[in-house]
Every structure is written in C-alpha cells, then in structure tokens.
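Asker: Dropping the sequence and predicted coords here.
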Amino acid sequence: MSVANAGFPLLTVTAALPAAGAIATAALPAAKRGAAKWVALVVSVATLVLSLVVLARFDPGGPRYQLTESHAWIADFGVRYELGVDGIGAVLIALTALLLPFIIAAAWHDADELEPARPNRRWRPTQGFFALMLATEAMVIISFAATDVFLFYVFFEAMLIPMYFLIGGFGDRAHAAGEEEAAKQRSYAAVKFLLYNLVGGLIMLAAVIGLFVVTSDQLGEGTFSLQKITEARADGGFQLDTNIERLLFLGFFFAFAVKAPLWPLHTWLPNAMGESTAPVAVLITAVVDKVGTFAMLRFCLGLFPEASKWATPVVLVLALVSILYGALLAVGQRDIKRLIAYASISHFGFIILGVFAMTSQGQSGATLYMVFHGVSTAALMLVAGFLISRRGSRLIADYGGVQKVAPVLAGTFLVGGLATLSLPGLAPFISEFLVLVGTFSRYPVAGIVATAGIVLAALYVLLMYQRTMTGPVTRPEVRAMPDLRVREMAVAVPLVALLVFLGVFPKPLTDIVNPAVEHTMSDVQKKDPEPDHQVAETGWFDYKPAEHAGGDHK
Amino acid sequence: MSPVNYVYLAAVLFTIGAAGVLIRRNAIVVFMCVELMLNAANLTLVAFSRIHGNLDGQIMAFFVMVVAAAEVVVGLAIIVMMYRSRHSASVDDASLMKL
Amino acid sequence: MSAVATVSGAASSVPSLWTLGAEQLQAPKIEYAQLSPTLIVLGAAVVGIVLEAFLPRKFRYGAQLILAALGLASAFAAVLGLAISGHATTKAAIAGMGAIAVDGPTLFLQGTILLVGLVSVFVFAERRLEPRSHKSGAHVDSWAAQPASVPGGEGEREATKAGWTTTEVYPLLLFAVGGMLIFPAANDLLTLFIALEVFSLPLYLLCALARRRRLLSQEAAVKYFLLGAFSSAFLLFGAALLYGYAGTVDYSGIARVIGNADRTTSAVLAETTGNDALLLIGGALVVMGLLFKVGAVPFHMWTPDVYQGAPTPVTGFMAAATKVAAFGALLRLLYVVLPGLRWDWRPVMWGVAILTMLAGAVVAITQTDIKRLLAYSSIAHAGFLLAGVIATSRDGVSSVLFYLGAYSFVTLGAFAVVTLVRDAGGEATHLSKWAGLGRRSPLLAGVFAVFLLAFAGIPLTSGFSGKFAVFKAAAEGGAGALVVVGVIASAIAAFFYIRVIVLMFLSEPKADGPTVAVPSVWTTSAITAGVLVTIVLGVAPQYFLDLASQAGVFVR
Amino acid sequence: MESLIGLLVGFPLLGAAVLLCGGAKLDRSGHWLGVLFSGASFVTGVVLFAGMLGRPTDERALHQHLFSWVPVESFQADVAFQLDQLAMTFVLLITGVGTLIHIYSVGYMEHDVGRRRFFGYLNLFLAAMLLLVLADNYLLLYVGWEGVGLASYLLIGFWQFKPSAAVAAKKAFLVNRVGDAGLAIAIFLMFTTFGTFTFAPVLENATDAGEGMLTAIGLMLLLAACGKSAQVPLQSWLGDAMEGPTPVSALIHAATMVTAGVYLITRSGAIFNGAPDAQTAVVVVGAVTLIFGAIVGCAKDDIKKALAGSTMSQIGYMVLAAGLGPIGYAFAIMHLVTHGFFKAGLFLGAGSVMHGMNDEVDMRKYGGLRKYMPVTFVTFGLGYLAIIGFPGLSGFFSKDQIIEAAFAKGGTQGLILGAVTLIGAAITAYYMTRVMLMTFFGEERWRGQENEPHPHESPKVMTVPMIVLAFGSVFAGGLFKAGESFVHWLEPVTQFEHGHSPFSAAVVTGMTVVALLIGVAGAWLQYGRRPVPSVAPRGSLLTRAARRDLLQDDFNHVALVKPGEYLTRGLVYADNKVVDGAVNGTAAAFGGLSGRTRRVQNGFVRSYAVSMFGGAAVLVAATLLMRAV
C-alpha cells in the first residue's frame, strides 16, 4: 500500500480531470456556448488518454489491485480514500472514458433547444448539460476504482444527482403527444429513476452500516477496505454469521439489482431511456448501469461469497426472466428508444447470469459483456438518436424505407443491431457465447433457456430494422432525410470499427480480465466444473490427419 | 394525617387542570388551568419536601411561582393581542393553520 | 439548593425557612469562568433591554445588532476558551453548586447554539427584503411595525408609515439563547425547568412578531404558548415526582438513588423508593416535556403550525437551536439521571422514534406549504436523532452531537432561503409558487437543492455524514431494526424533497411566479455559512467527528 | 502450402470490405473487382488442390493456425483452418460455382443501382462459406455458419424496397437462428463433455462420451442442419428466399449454403456413428423433406419456387444419405457436388429466362421459349436431364448411389427408405418435366398480354457460366463414379464401407430408371399433350395445400406467430399494469396514508393538547408496563 502511495495518483487524476472539466464547463459564461462543448469534448478525450495509460500501466500478471492509492478520510467511520483497479475495473474505466467523447459529440446540439431566445446570464443549459455529463463520468470512474465500500457507496449514490438532471432537464423534442406531455413524462421518468435508485441505495446504506458493525466487532476497528476484509477472511480472522451475511448480501444486491436493472426492478429504465436524449440514454445504460453489474461482481461476490452462493438459484432465475422478458417486451415496443431499453434489460440479464454462474467463462464473459454491450448499445442508440432527430419522432411506425434515402445511416444502424443480436464477428458475440458456455457448464438448463434469448434478440432487432429501414419510402419526412453528417459519421464509424475489431481480436481484453476473474473465483472458492471426458488438448501442431477422425471404434 | 394525601390531592388537581385545558375554549381559562397544573406540581413539591424533610422542594416551589408569574405576563400579553385582533378569546377560533 | 443543604435528616424536627437562621450558611461558590458564556449572553440581553428603553428609535437597530452580535461572538469565544483549556474533557466539572454541568456535551452544544444564534441574528437583521416605508423612507425588516397594534388597524398603518420596527427581537433572541445555553447544561431538575421557561417565553413572543400575515403569526404564538405551558406543566409535575422519589433534584443524586447506592441512608428514602411508580411516572413525564420540545410524535403537533405562522427567521432559529438545546437536555437526562432505567425507557423510546420517523416522513408527502414541509421534515429528523439517543453509548452521544451540528445549519440555511422567495404578499411559501425557480434564479434554487439533498441524506452532504453516524451508533447499540425503519423513512422522505427539486427545476415557471429578492450581506452570509457547513461536514467531516467524540462524555 | 489457406478466406473478405466501404467511386468497376477476388480465391483453391493430390493420402490434410481468438481458462477458441479432402471438395465447389455466378451476375445485375453492394455481399458470402468449411473447430464453424446466414439475409433482402423481400430476409434469418441455437447448444455440450470443441480431439474421442451424450449432441447438430439446409421442420424459409435476385438463389439457396447442413453432419460423422438414434432422426428428416419438397415442387407455378422445392427435396436425399452413416457420407457429398452443378445451372437458366421475360416468374405465362433462347434451353435441358437422373448424367450416378445405399441400410428400414427415395425420384422426374414443358414447350402463352415481353437470349457474360455448369452437370457424376474415385478421395475423412443392398446394383438402377420414366410420363400426360391453362386451375386439395407449401406457414402462424403476438401484448400490458403498477401503487398508498394522517392536524389547539395528554398517558403506561413485564 504505502509503496503504492509513493506512485503518481493516476486513478485520482483520471477521475479528477473530468470533474475539473465539469466545473470549468459550468463556469463558462452564457455567450461561450460553443466553447463549452469543445471544452467538454477535449476534456473527455484527455480522460480517455489517461484511462488508456491506466490500461497500459496495468500489469495482468501483477497483484490483484494495482495503481492503488490509500489515504485517511473519515477515521470514525473506518473509511479510507482507497483506490485501485483489478482487470475488471481497468477495462470498465476504459469503457467509460471511451464512450464519453462519442456521447458528447453525439449530444452536440441536444441542449440547443433549451437555450433561451435572448441570452440570459443565469440560465445556461448548454454549459450545464455538458458539465453534468463530465461530472457523471468522474463519479463513475471513481466508483469503478474504489476499493473501499463506503467510498464506492458515496459515489454510487452521488452519481444519481447529475443523472437525474440529465434525464429530467434535457429531452429529445420527439414525443408523440407534444412537448407539453413530453415535459411531464420527462420529469416522471427522472423522478422514477431517482426514487428507484435512491431506495435501493438507502437499503444498501443499512447493509453498509451493518458491514461496519460486523467488521468493527470482529476486526476490532470497523473497516470498509476490500483488501483488509478479504485478507482477514483469508486468514480466518473474519467469518460472518450465515444469516447476517445473507441479510447484508441482500441489502447490497438489492441496490445493484435496481441499478443493473434486474427484473422486476427494471421499470425505471424504459422511462428513463425513452424520455432522455439518445446520448443520455447511452450514458445511462452503457456507463452508469454498468456500475451495478460491476458492483455485483466486486462487492456481492467479494464480500459475501457464501451468501452469493446461497442466493445464486434465485438470482439465476431472475436473470433468465430478465433475458426472456426483456426480449419479449422489446418485440412488443412501438418506440425505438424503449425497444433498445428493453433489449438492454435482456442483456443485463445475460451479464448477471454470467456473474452468478461462477465459472471463469461466465464471469469473463460477463465482464466483456459489460464492455461490448456498452459499445454496441452506444452504436445502436446514438445512430437511432440521429435518426430520431431527423424525423422528430420516436415511433417505429413513422419510418420505413430509410435505407433508400440514407444508406450509411441504415448501414451503421444495421451493424449496431447485428451487434445487439450478437452476430459472430462482432464483439458482443464473444461475450454472450462465453456467458452461455459458462452458465451451461454449471447449470445446463439455465444455459439452454438463455440460448432462447438469442433467437428473440434476432426477432426484435430485425423487426425494428425491417419496419424502419426497409420497404418503400412513403412519408415525405423520410424522403427528405439527409444521410449521416460528418460529425455523426465521426461518432458512428469508430464505434462500428471497434465492434468489428474487438469481435475478431478480443485477446488484449481477455488477457487483462482473466486474472481478475480468477481472483473473484477464488473469493467464492469455486472451480470450473471439469469436463466429463477431458481430452488432451491436441494443438494444431501435433494435429494428425483425420484417418482415424471417423471415430470408427467398432 | 400523612403528607402523602397531599400528593394525592395534587395529583387530582393536576388532572383537573389538564382536563380543563382539554375542555375549555376560552384562552384565559385554558391558561388558568395550566396555572392550576403548575400549582398542583408546587403542592407535590412541598408535600414531598415535608416527607423527605429537606428544603429543596420548598425552594423549588418558590422558583415555580416566579416562573408562573413570568409566564402569566407573556401569556396574557399574547392572549390579549389575539383577542384584540379577532375580538374573541376562543382558542378554537385560532385555527387558520391546519393540515 | 444544596447551598441550603439538608438540615439534620431526621423527619421529626420540622425544617422550615425560619429555623434556618440558627445555622450559618456558607456563601455559595460560583465558577464564573466556566459559566461565562451564559452570563455574557444574559448580560448582553439585559443591556439590550436597557438600550431599548433609552436609545432613540433610529439608533436602536444598529446598537442592538452590534450588541447581540458581539455578545454571542464573545460568548462563543468564551466557549472556545473553555474547550481549549480542557473543560470539555479533563477538567469537566459540575459548577454553580451542582446546578450546571460544564463538560463536553455542554460546551459542544453551547458552541453550536451560539453559532446558530449568531447566524440567526444576521437573518433577523435583514432589511433589504421589505419595501421601504413611504414616509420616513427607512429600511424595514420582517418584524412587526408595532406588535401591540391591531392587525390592519389604524395604529399599524401609522407605525408602518413611520417605518418603525420591533428591535426588541434582539434582546429576546439573546434571552432565548441564554436559556438554551443552560438547558443542556442543567444538572438538576429545577435548573432544567427554569432554563426551559427562560428560552421558551422569548420564543413565544418572537413567534408573534411577524410584519406580514400577523394573524397567522399571532395564532402561532398562541398555540405555541398554550401547548408549551401545558407541556412544561407536565415536565414540572414529573420533576416533582422524581424529587418525591429520590428526595433530591440533583441529577447525580437521583442517579445514585436509582442505582440504589444510598437508599438506606434514611428510612424515608427507603419508603419512597419502595414504589417505582413515582420514579417511572416522574421520569416519563419529564421525558415527555423534553420530547415536546424536540417535536417528537405524538407531541409534535405544534411544530407545523408554529413553523408556518412564525416569522421565517424565528422559525429557522427555533428549528435549529431549540432542537439542539432540547436534545442536549434529553441526552443528559437519559444518560446521567436514568441510565439505571435504561431497560424501561429504551423500548418506549423505540416506539416514539419509529412513530416520529414514519409520521414525519409520511405526512410531509402531501404538504403544500414549504414551511410546513420543512416542519414535518424536522419531525422526521427528530426521529433519526432519537435513534442515535437510543444507542446509549458514547458513540450515540457524539453522533447525536454531530448530527445536531450538521442539521442545525442546514435548517438555518433552508429557512434563510425561504425568506428570499417573495411576492406581493410577502414570502411566497406555497409550493406551487416555487415552480420553475431553477429557471429564474438557478443559483438560489441550486443552493436550496443542496439543502434539500442534505435533508435527504445524499452522500457528500452533511446530512449523509450525520445520518450515517447516528445509524451506525444505533446499529452498534443493537438497534438494527431501528436503522432499517430509519432507512425506510429516509426513502419516503426522499420522495418529497425530490418533489421540491422537481418543482424548482423541471417544471415551467408560472407567469405570476415569485421574485427572488436580492438580499443584503447579512442573509447572504447566513446562507453561505449554511452551504459551507453542509459541504464541509459532508466531504471532510473527520475533524468535527473527532470533536464530537471527544465531547461525548457526560460529567456526573 | 498451409499459409495459402488463409488466402482462400482472405480474398473474398478483402473484396467485401473494399466493395462495401469503398463508396460510390467503385460503382463502375466494383463488380469486376468482386469477380476478381472470388476468382483469386478459386485459383488459390486449385493450387492447393493440386498440392494435395501431390501428397500421399495420409498427409493430404493441411492445417493452419492463425491466432488464438478467445482464450479463457479451459475455453480455448482459436482461429485455425483445416483443409482436408472434405473441405477441399467444398472449397472447389464454392469458389468455382461462386466465381461462375459472380460472372453471371455481372450481366444479370447490370441495370441495378446497388450492384456494387450486391457484389460486396456475394464476396462476404464466399468468405463466410469458406470459413465455415475450413474451420478446424466448431466455434469458428459457428462463425461461418451465422456469417452465411447474414449474407443470405442481406442478399434475400437485397431489394429492400420490396416489403416481401424484407420480410422474407427476416424470416430466413430467424428460422436459421433457431438452428444456430441448436449448434450453439451442441458446442456447449461438447465443451462440457470434452473440454474442447476442436474437430480432431472431439471426433477422435467421441465414443468415450457415451451414446446418450452423443445422441444429444447429434440431435442438436441435426437441428442446426435443419435450419440451414431447409429441412423439415425448419424448411419454411427457403421458398420465400426466392425473393432474392436469381444468382443468389443459384449460389446460396441451391448450390452451396443450403448444403452446409449436410457438411455439418458429414463432418461430425464420428458423433453420429456413435448415436444410432440420432442417425435415425437424420434419416427420417431427410426422407420426409425429400417427399415434402418434391410435392411442393409439383404444385408451384413460380419457376424459382418450383426449383426451390426441388432443392429442398434434393438436400433431403443428401441428408438421408448422410444419415446412413459411413455407407452414405461419400454419396451425400457426391450428390451435393453434382447437385451444386445442375441446380445452379437450372437456377441460372431460370434467371436467364426471367431476364428475357421482364422478370416474369409465373411459368403459366411462359411457353415455347426454346426457339427464342436456345442456349438457355440447352443448358437448362442438360441440367434437367441431370437432376431427374437420366442415365449417364451426373445426377443419375449420385442419386442412384444414394438409393442403393438406402436399400443397403438393410431390414424394413432399408426397404422403406429405398421406396421413399424411388418415389422421390419419380416425383422429381415429374415436376422437372413439368417445369421443362411449361417453360420451353407448348404454345406461347405470353403473347397478347399487356406489356408483352420480347423473349431474347441473354448476353454471353450470362450464358457462358451456364454452359460451364452444364458441362459439370453432364460429366461430373461419371467422373466421380469412375473407379469410385470420389469415394476413395473422401474416405480418409468420412470413412466408407460398402452397404450390402438386398438387390443387386443393376436391379436398383433399373428401378430408378422405371421410376423416372413414370414421372416423365405423368408430366407429359398432364402438360405435354394438352395446352397449359394460363390461369391455374383450382386443383385438388393436395395441390392447393402444396401451393401453400403444404400449409407450413399457416401452421407456423397458428402455432407460433399468433401466440407470440398475444404473449408480447400481454407482457407489455402486464409490465405497465402489474410490475410498474405495484411500485406506483405503493407510492399512491403512501400518498393516501399521508392525506389521511394529516387530517389529524386539524388546527385546534385543544385537539393538539389531547394528543399530547394521550401521548403522555401512553408513555407513562408503557413505562410502567415495561417494568411490569
């Protein structure tokens, strides 16, 4: 620890940069609207660079948590300012930092409608919008890097505030029932988002306090430090009473299940994603919600392994329900953004499935899933946002034949969609397949049920594509639709390229993630199930021509 | 007779006072009932002081009297002010703020 | 009282004031240094009265303001001096012949109260908000031009034209503060009662002194006064019974008797202590008197009405300072006098705490007046504080102290903000008027949002640190269930805080919406103080937590 | 040598990338670029083939390991290729026929605005298909598997402005997805059983797994095969797939992609050999589809749909053969190859006809075209003779082998299968003759209709590929049959054992010829002697059912689509009312509670006092109670 402290506080800086950027952006005067956008973009790119440095500095072979920082914060609560990343945290920080520039670029004009007709010294929506985004980024990064439960909790909760204003304050002007109704829906969605997560957070607060109490009477002084607790458990200095552990687990899990979101706590997501602007929707589902699934992996399993195992059956069932339920509801949606929201619910089902399958394939898959789902949803949702901004409507029925007038838009949209239905060759396929294999190898039935999800995914994606992009062009609004502009290309194309690249060559990521997953597996003291008939892996080099490949052992 | 009976009497007085507060409408009367309760307390103090054979109770009683007097000053002022502005001393009229 | 300590304990010889002459009584010993904060404040108050009597009207405002500010500031300096010189910890002692305990909690709370008083003085002194008077063109503040005059009557009109105001508020404030300084320090039942009255009576009056909406203001005063007097009668009767049980009003004395250290000293004591009814009823009644002051269910019903009717600066002062003082007294009573009865009062307090948290939160949901809303939220917070009180541990004490410090400034700031949102009729307290405030003046709305988030206990605000400290103490004290209830209550409470935020930021401004008055340096500084404390205690509370935990021991 | 394998996939992949990302500047040259890339792939294939022939049998298989793809603990997925005789066969078929069809398309798509995109997709398909057959493990095969699915989706829906095309594309992808799920599960099973899913280790050790597991895996693989090869019950998409441009139907939905299922079964032979029940299932599926497709083929008036039905039925033959085990694998592949030639030829012929007939597909509006498009007539005719199994042509040999093998299965099962294949042969002869007659003979029914077409022969760029394919359909069979060359070629991979047919080869051949004569005669009686009505007669019940693809879509609609719609609607409702309602209900409940409780605050001091008094009483009582208990 102390050794690590000597080092340069990379993680803190990575998180502090966007925070500073947020303040800077917010501070800009009303007239400097354009500058605000650029500041935000530049800062987010700089953060991306830093996060890449984090990835580079992270040594997969090294200790579990790296780049650690540890400073006293609130001794009375046993709270320290402790940062550190394992492979999982590192890649998720990278994901966050990666998506923000695209989100900001995509949201370039989203706050413009709100700008008052005549400049007003006090009311500066654009500055506020981008400042809030950067603030969210900072908080998300901290919560990915926090190795102190309390520190994590603080930002896990605080994150809600900027998100709340992003959802409630800025919407796309594309509501079917007019702006009046839209405003109502927006604030409803924002409040719903905040209340759901706040309730989850408060229940978690009870568990956090409980954790403090048990640590303080078992370790002498209460602590929230993951390392401390894990070490203490390792050398037997810390065993939780079964029931207490289960209660605490439930407290934590509830909060994360709301955030993730897991059925039946999911209903806030469609509202939030439906009413907010597409970039904000991406911020919700691709970045903020990942904190929930990440926290399950790191805190639920890391702190309460026994309880996690105890809860696994129920969680798996809920995850499966989420997968199928989300997919079926996606099929039934008439609103593009709500459709993508339900698709995300289905995907979060997969992630949680992978986390709780407790096999290395499942958990690596889940981690990769978080990243890839982030990228694919970003691609799909942002392009959808471009589409919606052109037509001013979110209803699928208002489109048709777009492919003819805007082929590039349609193309990127299709690739995003194919990624969402996890087509091989695109990144999400790898994660989904890993999750399925991992689940199947321990819970075959669950694996098979989940596999049904991939069929449904094809259904809702292709239905949406068919109804929006194909067919004859009947509507004048569609006929007048321009293809992607340069800015929009700059957003969509790199994401698509990334999807393809990671789909073909994910090894860099798996190399970083695998060791971290091993650690998690050791937390829960689980081993991968052995194959019934393990065969010596015959590499390609000692490959024999197939004269006995017929298996004619008669 | 045993000083304990005074305690019982005091208890009765206190209850009467409390009942008065709950029942009567006129602010002045309500206030007087409160005073009655204070005096019941006084009586208790004195009685116990007698029982315990130390003076704390009696001393306290004097303090209470003084306090009661001060309270009267403030209380009457407020009640009179209310009366002047609404020409009624009924506490039930003072119910603009509710829910 | 122990000055006139017991004559020969024999019940046969009839002790009375007359027989006293025989004995020479030793002059009571008063530690002026340790009582200095109280003395300074009360002294300043008296001087204030004199000034009020002799100064010509136009000088009064300035003089009173300076006097009050100086008095409070120097009193605070005195508190600091005492704390630094170790009176909070090592040199903690009973002073004033056993009447006053000068120890950690006392000094911590006195410091808090003094700061709150100081900030309140600033809010009291605000005279930018009201329009100038026509005739003299003098600035006026939010105090009645002439309290004695009939609302809407000739006298009032005259006074208003003349631009008079009630400068008596400053001495009254000082008296109230004086009483509050004694309240948590009181080390015997009599002092407790006196202190209670000393700070209650000025408050009753302050409630009645609003310039606008005088009927409401007077009604608030009446309700507060009658109910206050009622409750103090209960407290007194309870005190009498306790005296009856223990034969002394001295805290430590009673505690000793309860802990049957010296029951056998006298036959009488043996007899009275024979029936616990005296003790239990007495204790219950005293506690009830204090619960009334902290506004715990079911003794809370005065809170909304009084908070709404009283002049907003007074509301802020009451909400902050009264709670601090009352909880201080409650803590001392339960921890010093009745620790022996823990197993009797804890379950009861459990009930009260749960009721208070839930009722406060639930009823607040449907409130439409911002001041009433804050009143109910203060009830809910009283509930959270009670959870800390129940912990019955050193952590419990310090957590409550910290919470009080944090909460009082948030409250002050919030009510200070309320004073600024005005329309033709004075303050626009109806929630519907607050719609779209965020568009009109984002800064103010933002500040208020910070306060609301602190109330809601969102991390990085003092509200969260406080709530965490209290719940932690409660959980450690084995009140886990209470924590869960508290969490649920906070969830419910969050709902209406958020409602206000939604109203301010997400709903379109009304055409006839209120204007936000630009305050003078006074209110500004008050609000700034509120925000600063809220953030600092939220982000880096460690120092203050240490302070509180050092101050967490009562001297017995 | 190994290093060349990558190029097989690389060329078309590069082509696809260039064409799809290239932008409008490639519009004019794009198609030739596409041809170039596929041609390059073909040449590479030939080179490798030559190299392979140059090596002794047991060293023919090549292996190329490119890079480790997804390594997670024991889950080691590599991108590695395996080029053995089986793969080689497919490579040549795919690249060869593929290139021909590329060339053909240059002419066929000449006037289409999206031609560059079209060739991009075609190249993409070639890449995916080659990946499928070259993969050395099931996961990589899965990638190719879904890749061809994507290509097929894109090409069926190529004319997206036609809603029917878009819907057909979606349907094809969905039905295939069901099959893909099967393949995925099969891979899971292999991973959990063997800890790997690379061909060599899995197949070598298949028998350790035990029959139960092998059966499970086998059935899952069969499901996958059904999806891709349009076998019952997942056959419904193939007919609609004809919405795509005809070259696509020729390449993907006749020659190559749809036969992937057969490849999968053959490749996984070791697994099926160990699971007789699975084999039986395969055989049954094959037999049923064989008849099913044939019947559908008889009733269709749309020439492409008729050919689609026949494709279905021919693949039925292959699947059936593959289901017979080592006695059938080689013949399945052999028929696959010959079928690749003549069916591609037939489709291109059909395309050529449509080209000359304003894209008219209804055969009832054809007739007597032989003198207007002689080349098409001849090539189509040769393909026709080949498919009905006219002695001496390729179809005859391959089909005859399968029938023989079917009988050789032995026992009643063998007899039934033999009978089915014979009947199939008869029906094949019938519907193909029907197509032939309706298109090229009889009076010219297209005359005198509005915008009367002017039938004309297609340009060289189209006819040349047809001619080449015609050669293939004539001679390939004989070539393969000669000295069992083909069987010996494949034996190292697929095993071969001689089945012992109850009848001598001569007898079987005789029966086959009889069957085909019956079929031809039947068709002649119906369509050759009397004029063909240009509007379809109502027809018998069976005919009408067959025109509706034997009600397969109606069945799916009733059994799956409708219930699905109800389910989703129900869930959408439930999500709003129940799941969400619960939460909103709680909120409302608190609101109501609050509304009621606040009434207590009635503004009267005295009632407040009451509550205080009551509170005090309760407090006292409770305290006393605490002491009492």
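Answerer: Everything's here; your move. Numbers count the residues shown, from 1 in each chain, chains lettered A, B, ... in the order given.
Asker: check which helix or strand covers the residue nearest to residue A:371 when sequence neighbours are not counted.
Answerer: When the adjacent residues along the chain are set aside, residue A:371 lies closest to residue A:95, with 4.9 Å between them (Cβ to Cβ, 6 or more residues apart in numbering or on different chains). Any C-beta I mention is one placed from the backbone N, CA and C, and that applies to glycine too. Counting by DSSP states H and E, the element that carries residue A:95 is helix A:87-106.
Asker: Counting by contacts, list what that helix packs against.
Answerer: helix A:10-27, helix A:33-57, helix A:125-145, helix A:278-282, helix A:289-295, helix A:360-391, helix A:486-504, helix A:507-523 (3 or more Cβ pairs under 8 Å, 6 or more residues apart in numbering or on different chains; DSSP states H and E).
Asker: Format those helices as TSV; extra columns: mean neighbour count.
Answerer: Output for the helices and strands packed on helix A:87-106, formatted as TSV (neighbours: other Cβ atoms under 10 Å in any protein chain shown):
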stretch	mean neighbour count
helix A:10-27	21
helix A:33-57	19
helix A:125-145	27
helix A:278-282	29
helix A:289-295	26
helix A:360-391	27
helix A:486-504	18
helix A:507-523	20
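Asker: what would these look like in JSON lines with distance to residue C:441 and mean pLDDT?
Answerer: Below are the helices and strands packed on helix A:87-106 laid out as JSON lines (distance: least, Cβ to Cβ, whole Å; pLDDT from 0 to 100):
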{"stretch": "helix A:10-27", "distance to residue C:441": "16", "mean pLDDT": "93"}
{"stretch": "helix A:33-57", "distance to residue C:441": "20", "mean pLDDT": "93"}
{"stretch": "helix A:125-145", "distance to residue C:441": "14", "mean pLDDT": "93"}
{"stretch": "helix A:278-282", "distance to residue C:441": "25", "mean pLDDT": "93"}
{"stretch": "helix A:289-295", "distance to residue C:441": "33", "mean pLDDT": "94"}
{"stretch": "helix A:360-391", "distance to residue C:441": "31", "mean pLDDT": "93"}
{"stretch": "helix A:486-504", "distance to residue C:441": "34", "mean pLDDT": "93"}
{"stretch": "helix A:507-523", "distance to residue C:441": "48", "mean pLDDT": "90"}
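Asker: Distance from the chain centre to stretch D:439-453, please.
Answerer: Centre-to-centre, stretch D:439-453 and its host chain are 34 Å apart (Cα atoms, centre = their mean, to the nearest Å).
Asker: and it, average pLDDT?
Answerer: Mean pLDDT, computed over stretch D:439-453, is 83.
Asker: Leaving out sequence neighbours, find the closest residue to residue B:85.
Answerer: residue C:151 is the one closest to residue B:85 (Cβ to Cβ, 6+ apart), at 4.8 Å.
Asker: And that neighbour, what's its pLDDT?
Answerer: 84.
Asker: Can you check which helix is longest in the chain?
Answerer: In the absence of a named chain, this looks at chain A. Longest helix of chain A, by residue count under DSSP state H: helix A:178-218.
Asker: My question was about chain D, not that one.
Answerer: Max-length helix for chain D by DSSP H is helix D:163-194.
Asker: name the helices or strands packed onto the helix or strand following that helix?
Answerer: Using DSSP H and E, the helix or strand that follows helix D:163-194 in sequence is helix D:199-204. Packed against helix D:199-204 by the contact rule (3+ Cβ pairs under 8 Å, 6+ apart) you find helix D:163-194, helix D:269-273.
Asker: can I get those helices in JSON lines with mean neighbour count, distance to residue C:449 and mean pLDDT?
Answerer: Shown next, in JSON lines, are the helices and strands packed on helix D:199-204 (neighbours: other Cβ atoms under 10 Å in any protein chain shown; distance: least, Cβ to Cβ, whole Å; pLDDT from 0 to 100):
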{"stretch": "helix D:163-194", "mean neighbour count": "23", "distance to residue C:449": "49", "mean pLDDT": "93"}
{"stretch": "helix D:269-273", "mean neighbour count": "26", "distance to residue C:449": "66", "mean pLDDT": "92"}
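Asker: Put together a markdown table for the ones you listed, with distance to residue D:603 on each row.
Answerer: Output for those, formatted as a markdown table (distance: least, Cβ to Cβ, whole Å):
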| stretch | distance to residue D:603 |
| --- | --- |
| helix D:163-194 | 67 |
| helix D:269-273 | 84 |
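Asker: Nearest to chain B, out of those helices?
Answerer: When the helices and strands packed on helix D:199-204 are compared by Cβ to the nearest Cβ, helix D:163-194 sits nearest chain B, at 59.3 Å.
Asker: what helix or strand does residue C:300 sit in?
Answerer: Residue-wise, residue C:300 maps onto no helix or strand under DSSP H and E.
Asker: correct me, but it touches residue C:379?
Answerer: Yes: here residue C:300 lies in contact with residue C:379, judged by Cβ atoms under 8 Å, at a distance of 4.9 Å.
Asker: which residues do these two both contact?
Answerer: Common contacts of residue C:300 and residue C:379 (Cβ atoms under 8 Å, 6 or more residues apart in numbering or on different chains): C:356, C:359, C:360.
Asker: Excluding sequence neighbours, find me the nearest residue to the second one.
Answerer: If I follow you right, that is residue C:359. Distances taken as Cβ to Cβ, 6+ apart put residue C:297 closest to residue C:359, at 4.6 Å, once the chain neighbours are dropped.
Asker: re earlier: for the following helix or strand past the longest helix of chain A, buried residues please.
Answerer: Following helix A:178-218 in sequence order, the next helix or strand is helix A:226-234 (DSSP H and E). Within helix A:226-234, the residues that qualify as buried are A:226, A:227, A:228, A:229, A:230, A:232, A:233, counting by 16 or more other Cβ atoms under 10 Å in any protein chain shown.
Asker: would TSV of the helices and strands packed on helix D:199-204 with distance to chain C be doable?
Answerer: Formatted as TSV, these follow (distance: least, Cβ to the nearest Cβ, whole Å):
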stretch	distance to chain C
helix D:163-194	40
helix D:269-273	56
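Asker: The host helix or strand of residue C:411 near chain B anywhere?
Answerer: Assigned by DSSP H and E, residue C:411 belongs to helix C:394-420. No: using Cβ under 8 Å from any Cβ of the partner chain, helix C:394-420 stays clear of chain B, coming no nearer than 15.9 Å.
Asker: and that helix, how far from the chain's centre?
Answerer: The answer for helix C:394-420 is 10 Å, by Cα atoms, centre = their mean.
Asker: Residue A:374 versus the closest residue to residue D:174 other than its chain neighbours, what's the distance?
Answerer: Closest residue to residue D:174 apart from its sequence neighbours, by Cβ to Cβ, 6+ apart: residue A:458 at 5.6 Å. Using Cβ to Cβ, to the nearest Å, residue A:458 is found at 21 Å from residue A:374.
Asker: quick check: angle from the longest helix of chain D to helix A:360-391?
Answerer: Angle, helix D:163-194 to helix A:360-391, by axes from the mean of the first three to the mean of the last three Cα atoms, to 10 degrees: 170 degrees.
Asker: May I ask you to name the longest helix in chain B?
Answerer: Looking across chain B with DSSP H, the single longest helix is helix B:56-86.
Asker: Test for you: state the pLDDT assigned to residue 9.
Answerer: Looking at chain A here, since you left the chain open. At residue A:9, pLDDT is 91.
Asker: let's do chain B instead
Answerer: pLDDT at residue B:9 comes out at 94.
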